[in-house]
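Enquirer: Got a sequence here, can you build the structure:
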Amino acid sequence: MPSGNDRVHTLDDYRYLYREYRSDRFLQRALESHTLIAGWDDHEMVNDVYWDRRTDAPAGDHPRSDDPELMTRPVADAMHACWEQMPARVDYDPNGDSLRDRFRLWRDFEFGDLVDLAMTDERLFRDPPREVVPTVDEVGPHREPPGRTVLGDEQREWLVETLTESDATWSVCADEVLTVPFRLGSGPLSVYPVQGGWDGYTRERQNVTRALVEGGVDNFVTLTGDMHCYVAAYKRTAYPSRVTGGRGVATGERIGVEFMTPAVTSLNVAEALHLTRGWRKRLTEPLLSRLIPAMNPHIDFFDSHNWGYSVRPFRARSRPRPSLTRTTGATQSWSSPASRVRTSATRWTRRRTTPTPTGRSWSPTASPRARSN
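Expert: The predicted structure is shown next:
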């Protein structure tokens with residue numbers, strides 16, 4: 001990078017990384033095919049970034065993280081680079097007194113009476129991760145201190161108000177991280193490894209869920225990312241085990257659906273574990289695609305081996321509760337014949353030709369870019 005460091009330190013470093021990612025021809029094809037409403041996650045700034053209330057400054061996995069003043073500089077540079085490089089209409093004041101007030105990412109969009117979309121910022125307002133082993137007994141809301149948050153008070157109140165007061169057919173939340181539980185294991189031998197998602201903030205998840213249910217939110221859809229894989233899941237009022245405060249195998253009512261889109265260019269789980277080629281891929285891809293839903297009954301589909309993106313058209317119909325059905329093939333689709341929400345996910349692998357959303361085909365052979373953290 002321009003600074004000579006292996007982690008970003010300067011504005012020129014961030015600009016360099018944006019140029020590198022934009023040079024990927026698959027990302028270029030995706031952006032040519034679709035308009036997007038851009039958000040961010042930690043890798044736009046610093047890996048696992050959060051807000052340290054003690055120092056009133058950002059912190060995260062970075063060599064400067066121990067010095068609040070020095071840590072503020074790269075996050076401020078990240079905001080500026082994002083404002084330069086991403087097609088997002090956001091309120092940005094580079095001279096604002098407070099770092100969190102300079103860049104207002106959380107905002108809402110109205111698409112007539114069809115969709116109300118709430119975009120959240122779950123990085124600049126979150127508390128640090130808890131330093132516990134994420135077992136069944138440790139991740140429940142009863143184990144979290146009061147006031148612990150991923151959204152912050154003001155943004156949480158705005159999100160609940162936006163969704164509960166919506167008159168649109170579809171109420172949609174664009175979210176940076178997985179909101180539903182993600183378990184590895186079975187029963188008391190389970191762990192919840194995605195502590196950067198809402199599994200790390202279960203008390204707030206419980207409170208937001210309760211508020212949306214009491215507010216009568218219907219046709220609720222969450223769109224998310226972060227894990228570099230595909231997930232299609234049901235959102236529920238409660239899930240088995242103590243992750244939502246209950247005991248045993250009690251399962252709550254369905255309140256919506258969640259779709260996670262994978263990485264276009266970045267490292268994914270299978271690549272990190274060298275499972276994307278040959279017999280390793282043939283063995284582990286079907287195994288994981290069955291094992292994860294078996295451990296998490298609310299998850300209908302899981303794919304950590306392929307790259308791509310997801311497209312989700314919304315159609316106007318009556319307001320039944322969303323449900324999921326799936327068709328298979330190079331392009332994965334989930335839809336509900338009744339509710340007419342549909343997501344199609346174009347999957348890219350290195351060894352087959354996959355149709356693009358425009359009907360053209362190409363065979364991806366280039367390695368994904370290195371991560372920007």
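
Enquirer: make it CA atoms for all contacts and neighbour counts henceforth
Expert: OK.

Enquirer: who are the neighbours in contact with Ala174?
Expert: By CA atoms under 8 Å, 6 or more residues apart in numbering, the residues touching Ala174 are Leu117, Ala118, Met119, Thr120, Thr222, Leu223, Thr224.

Enquirer: Repeat that for Ser190.
Expert: Under the criterion of CA under 8 Å, 6+ apart, the contact partners of Ser190 comprise Thr135, Val136, Arg183, Leu184.

Enquirer: where are the low-confidence patches of the stretch 201-350 of the chain?
Expert: Within the stretch 201-350 of the chain, the ranges that satisfy pLDDT under 70 run 242, 244-250, 317-350.

Enquirer: how about the strands in it?
Expert: Taking DSSP state E, counting those that start in this stretch as the criterion, the stretch 201-350 of the chain carries its strands at 220-224, 230-236, 254-260, 299-303, 307-311, 325-327, 331-335, 342-348.

Enquirer: Now do the one helix or strand Leu159 maps to, average pLDDT.
Expert: For Leu159, the host element (DSSP states H and E) is helix 153-164. Averaging pLDDT along helix 153-164 yields 97.

Enquirer: same question, stretch 187-194
Expert: If you average the pLDDT over stretch 187-194, you get 89.

Enquirer: Return the set of buried residues in that stretch.
Expert: Ser190, Val191, Tyr192, Pro193, Val194 (16 or more other CA atoms under 10 Å).

Enquirer: between these, which is closest to Ser3?
Expert: Of all those, the one with the least separation from Ser3 (CA to CA) is Val194, at 31.8 Å.

Enquirer: just checking, the closest one touches Gly200?
Expert: Yes: with contacts counted by CA atoms under 8 Å, Val194 reaches Gly200, the gap being 7.3 Å.

Enquirer: quick one: contacts for Phe302?
Expert: If you count contacts by CA under 8 Å, 6+ apart, then Phe302 has Cys229, Tyr230, Val231, Ala232, Leu288, Ser289, Arg290, Ile292, Pro293 around it.

Enquirer: Just among the residues you listed, which is most surrounded?
Expert: Taking other CA atoms under 10 Å as the neighbour criterion, Tyr230 ranks highest of the contacts of Phe302 with 26 neighbours.

Enquirer: Settle this for me: that one is touching Asn268, isn't it.
Expert: No: with contact defined as CA under 8 Å, Tyr230 and Asn268 do not form a contacting pair (10.4 Å).

Enquirer: Neighbour-wise, give me the winner out of the contacts of Ser190.
Expert: Ranked by neighbour count (other CA under 10 Å), the contacts of Ser190 have Arg183 at the top, with 23 neighbours.

Enquirer: What sits closest to it if chain neighbours are left out?
Expert: Tyr192 (4.8 Å; CA to CA, 6 or more residues apart in numbering).

Enquirer: Tell me which residues touch that neighbour, please.
Expert: Applying CA under 8 Å, 6+ apart, the residues near Tyr192 are Pro134, Thr135, Val136, Val139, Pro181, Phe182, Arg183, Leu184, Asp199.

Enquirer: redo that, cut-off 10 Å
Expert: When contacts are counted by CA atoms under 10 Å, 6 or more residues apart in numbering, Tyr192 is found next to 133-136, 138-139, 181-185, 199-200, 243.

Enquirer: List phi and psi for the most centrally placed residue in the chain.
Expert: In the chain, the C-alpha nearest the mean C-alpha coordinate belongs to Gly225, at 2.6 Å (CA atoms, centre = their mean). Reported as degrees, to the nearest 10, the phi and psi values for Gly225 are phi -150, psi -140.

Enquirer: Was I right to think it contacts Asn268?
Expert: No: under the criterion of CA atoms under 10 Å, Gly225 makes no contact with Asn268, lying 11.9 Å away.

Enquirer: Overlap in contacts, those two.
Expert: Jointly contacting Gly225 and Asn268 under the rule CA under 10 Å, 6+ apart are Pro262.

Enquirer: quick revisit: turn the buried residues of stretch 187-194 into CSV, including distance to Trp279 and secondary structure.
Expert: Formatted as CSV, these follow (distance: CA to CA, whole Å; DSSP: H, G, I helix; E, B strand; the rest coil):
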residue, distance to Trp279, secondary structure
Ser190, 28, coil
Val191, 28, strand
Tyr192, 28, coil
Pro193, 27, coil
Val194, 28, coil
